[in-house]
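Q: Show me the folded form of this:
(2 chains)
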There are 2 protein chains.
Amino acid sequence: MDGDRLLSAPPLGHGKRLLLGPGPSNVSQRVLDAMRAPMLGHLDPEFLKIQDGIQEMLRGVFRSSGPIVLPVSGTGTAGMECAFANLIEPGDRALVAAAGYFGARMCEVATRCGAVVTKVEAPWGEIVPPARVIDAIKVTKPKVVAVVHAETSTGVLQPVEEIAKAAKDAGALVILDCVTSLGGLPVEIDAWGIDFAYSGSQKCLGAPPGLAPIAVSDRALETIKNRKTPVESFYLDVTLLSQYWDGPRGYHHTAPILLDFALYEALRALEEEGLPARFARHVANHELLVAGLTKLGLELASQEGHRLPMLNAIRVPDGVDEAAVRKKLLDRGIEIGAGLGPLKGKIWRVGLMGESSRKENVETFLAAFAEALGR
Amino acid sequence: MDGDRLLSAPPLGHGKRLLLGPGPSNVSQRVLDAMRAPMLGHLDPEFLKIQDGIQEMLRGVFRSSGPIVLPVSGTGTAGMECAFANLIEPGDRALVAAAGYFGARMCEVATRCGAVVTKVEAPWGEIVPPARVIDAIKVTKPKVVAVVHAETSTGVLQPVEEIAKAAKDAGALVILDCVTSLGGLPVEIDAWGIDFAYSGSQKCLGAPPGLAPIAVSDRALETIKNRKTPVESFYLDVTLLSQYWDGPRGYHHTAPILLDFALYEALRALEEEGLPARFARHVANHELLVAGLTKLGLELASQEGHRLPMLNAIRVPDGVDEAAVRKKLLDRGIEIGAGLGPLKGKIWRVGLMGESSRKENVETFLAAFAEALGR
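A: Numbers count the residues shown, from 1 in each chain, chains lettered A, B, ... in the order given. Okay, the predicted model is just below:
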């Protein structure tokens, strides 16, 4: 064939990006290099060892001793769906604490799974006050209580412990969305009594997007075993996934081998750094960012005392075209995120997650941001 | 931290594999290199161009002008589930032609989606005779007829055209599993009148596992639009996926960016080679393999005249320990597959798919196989 002239699409030729949006984040060279390890069949004994390693390391990050800890072969939304699809049967009551985009999505996913959903809402940018959730648990007696730990759409860190305790006291199971928090701030699945947690590989874990780590408790597994109806999703059926990852290792689906290699290496890097150091790094770079924003006369839009270190919602000043600012940054290779829903046009979202959470990235961003704002 | 001693898992250190199983297959260097292109955000204008390119090139491979052609962010099984979850509502009748593992899986997935399933069976290793399927269509008047084009568990190529025509005449929608066939032998979605086809990235398309290309017809989309109940799966809802890939490009989930880069480049390589040349390559290497097997006194287990070029089911001779042979090959870095279900212990499955379908691979395999068999 005559060169590339007849092809539908040109070779990939895009430039580098500093990814400071809501995810994906930048991926370190060592993690990218892991994806160049020789491809393996998904039933190869060597791949089984890699699966074992991923599970053991994920347990350490989730701080979970539950019966199932593994990465679902899909993105964070697949993780969310996995939680509801396995725990909910048609007609079950679910209570969702929702003060942002992902809380709202939980309601949508739960409803599609047949749940009767009660939503305890709060304005976007604030926490859902635990007392209101606890009251609603007492009134509605749900089977499942679902909470977003780190609400990526608002930059808010939701208090979880009290809610999880009240849910447990009321006999409810607790679903926790820790897509944005896991690996970036303390997540304590066992200590908090979380029954089904899910995350994403592409945020603070420092791997590429495409995997959704989950952690399932004994209580949740017992509930799943006692279902009256099969889980509608074969792909996300945790009993089958557990047989593929832990048990007889029979064929269920073909794992996305290279992404699993990447997650394996990202988790090794995380272990090397250590959770306390990693959490401290996320806080330090957040504080550096906030100090710089303050100098620029800017402020965060999320409730004080409940701000995420890895996702910063910056209020757009009056009279500033927020999209134009993002465009100027992107032209310089820096991606930040826009607001969603009621916060569209009102905030920028600056992520400092995993590999992207670096002092030099904060400094690069602040300089470019000041210039884009003309400040 | 003191070196690697305290880590849960060692660095990846496995050796190279010649992947001649049922998939994943080997991936070419250019496709692996594509995964080193700089990571992009999934709403980056440059990524939107890559999405456009993937869709256009997939259309060419599927030979589809339907309204939705895109890669689902999951493996082939997610593609299967996507088809049934979108087309089936509780109580709908589905007819499945099943003569192997993936036909049986279709029945399982359809049932979980609420379908009343009629299974037209044939012995593993044979086709399902079209006349029997067509008779069953007339009797059961199903909403959906589902067929596995290339049955990976048996090495059989199922005739599709007549069945699809009869289904269409009866007002039924046709689901086609072309996980193993797409990119390796002719697939004609428009010409055959297929309404929902799904495939996998890791077989004849030559990309790593983790994506499931789908092609949806106007008729299928119309049916989906007229559903009385929402699709239970938010993650696999094709209407939402289409908005993410084609439409307003609003956020739905985070695409597994690097896998999409890989698929993009794999499709470019496929276009460069051209479909006819690629199909001919798969046939030539199959014939080379069969000639070598004949010399070794071995035969294929699949029905003559209906054999797949990319997946060869070799009958295990009496008195030979099939697992020991596979083990000997794997010790030399060559992976082949075992039999599943009723063919367990009775066949080996040798895949010659995509990048793995090379003359030198066939020669390497035949030499090692002869030695392992002591022939």
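Q: ranges for the helices of chain A?
A: In chain A, the helices defined using DSSP state H lie at A:29-34, A:45-62, A:76-87, A:101-112, A:130-140, A:161-169, A:189-192, A:218-225, A:238-245, A:257-273, A:275-295, A:322-331, A:359-373.
Q: CA atoms only: put the fifth one into CSV for me.
A: What that stands for is helix A:130-140. Extracted C-alpha coordinates of helix A:130-140, given in CSV (Å, rounded to 0.1, in the frame of the first residue of the first chain):
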residue,chain,number,x,y,z
PRO,A,130,-24.0,12.4,59.1
ALA,A,131,-26.8,13.1,61.5
ARG,A,132,-29.3,13.5,58.6
VAL,A,133,-28.2,10.2,57.1
ILE,A,134,-28.4,8.4,60.4
ASP,A,135,-31.9,9.7,61.0
ALA,A,136,-32.9,8.5,57.5
ILE,A,137,-31.5,5.1,58.2
LYS,A,138,-33.7,4.8,61.3
VAL,A,139,-36.7,5.9,59.4
THR,A,140,-36.3,3.9,56.1
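Q: most packed of the helices of chain A?
A: Counting by mean count of other CB atoms under 10 Å in any protein chain shown, helix A:76-87 has the highest mean neighbour count of the helices of chain A, with a mean of 28. For every residue, glycine as well, the C-beta is placed using N, CA and C.
Q: which secondary structure elements does that helix contact?
A: The elements that helix A:76-87 packs onto, with contact taken as 3 or more CB pairs under 8 Å, 6 or more residues apart in numbering or on different chains; DSSP states H and E, are strand A:68-72, helix A:101-112, strand A:144-148, strand A:173-177, strand A:196-198, strand A:212-216, helix A:218-225.
Q: Give me the contacts around the fourth one.
A: Right, the one you point to is strand A:173-177. Contact with strand A:173-177 is made by A:80, A:83-84, A:87, A:102, A:106, A:143-150, A:160, A:163-164, A:167-168, A:187, A:189, A:192-198, A:217, A:219-220, A:223, as judged by CB atoms under 8 Å, 6 or more residues apart in numbering or on different chains.
Q: got JSON lines for the helices of chain A, with mean pLDDT too?
A: What follows is those, written out as JSON lines (pLDDT from 0 to 100):
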{"stretch": "helix A:29-34", "mean pLDDT": "96"}
{"stretch": "helix A:45-62", "mean pLDDT": "97"}
{"stretch": "helix A:76-87", "mean pLDDT": "98"}
{"stretch": "helix A:101-112", "mean pLDDT": "98"}
{"stretch": "helix A:130-140", "mean pLDDT": "98"}
{"stretch": "helix A:161-169", "mean pLDDT": "98"}
{"stretch": "helix A:189-192", "mean pLDDT": "98"}
{"stretch": "helix A:218-225", "mean pLDDT": "98"}
{"stretch": "helix A:238-245", "mean pLDDT": "95"}
{"stretch": "helix A:257-273", "mean pLDDT": "97"}
{"stretch": "helix A:275-295", "mean pLDDT": "98"}
{"stretch": "helix A:322-331", "mean pLDDT": "98"}
{"stretch": "helix A:359-373", "mean pLDDT": "98"}
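Q: would JSON lines of those with distance to B:T75 be doable?
A: Shown next, in JSON lines, are the helices of chain A (distance: least, CB to CB, whole Å):
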{"stretch": "helix A:29-34", "distance to B:T75": "20"}
{"stretch": "helix A:45-62", "distance to B:T75": "14"}
{"stretch": "helix A:76-87", "distance to B:T75": "11"}
{"stretch": "helix A:101-112", "distance to B:T75": "21"}
{"stretch": "helix A:130-140", "distance to B:T75": "36"}
{"stretch": "helix A:161-169", "distance to B:T75": "33"}
{"stretch": "helix A:189-192", "distance to B:T75": "26"}
{"stretch": "helix A:218-225", "distance to B:T75": "22"}
{"stretch": "helix A:238-245", "distance to B:T75": "11"}
{"stretch": "helix A:257-273", "distance to B:T75": "10"}
{"stretch": "helix A:275-295", "distance to B:T75": "30"}
{"stretch": "helix A:322-331", "distance to B:T75": "32"}
{"stretch": "helix A:359-373", "distance to B:T75": "33"}
